[in-house]
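S.K.: after the sequence you'll find the predicted model.
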Amino acid sequence: MPMKYCPECGTRKGEVRKTARRAYEDFFDPKPKPKKRKLSAWNKFVKANSNKPRFRYARSNKINLKKMAIAFRKTPAGRKKRR
């Protein structure tokens with residue numbers, strides 16, 4: 001019995017191409033990506049101000065978190081947290 005091949009793609013009739021199968025599996029991914037959590041007000045403040053020179057140590061160039069925390073408490077978001 002002779003094999004029958006598809007004239008368009010060259011695969012055997014009834015056979016699924018590997019690339020099509022991968023695309024199908026990627027489209028219907030069984031594990032959806034988890035949603036990222038929202039940043040807190042403190043995290044947003046650190047992200048926005050961590051590169052500013054007034055919150056950096058001069059020699060080591062590390063973040064001065066104590067100074068940053070004091071500045072955060074003076075912002076409306078920092079005052080809201082103390083209520």
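M.R.: Ah, there it is.

S.K.: pLDDT score for Lys36?
M.R.: For Lys36, the pLDDT comes out at 88.

S.K.: meant to ask about Lys31
M.R.: Per-residue pLDDT puts Lys31 at 70.

S.K.: any idea how far it lies from Arg37?
M.R.: From Lys31 over to Arg37 the distance is 18 Å, taken as CB to CB, to the nearest Å. In this view, the C-beta of every residue, glycine as well, is placed from N, C-alpha and C.

S.K.: which parts of this structure are helices?
M.R.: 18-27, 41-49, 65-73, 76-82 (DSSP state H).

S.K.: pull the contacting residues for Lys62.
M.R.: When contacts are counted by CB atoms under 8 Å, 6 or more residues apart in numbering, Lys62 is found next to Arg56.

S.K.: one more time with 10 Å, if that's ok
M.R.: Taking CB atoms under 10 Å, 6 or more residues apart in numbering as the definition of contact, the neighbours of Lys62 are 55-56.

S.K.: what does the one 5 residues further on give?
M.R.: Lys67 makes contact with 54-57 under the criterion CB under 10 Å, 6+ apart.

S.K.: distance-wise, check it relative to Arg56.
M.R.: Lys67 sits 9 Å away from Arg56, going by CB to CB.
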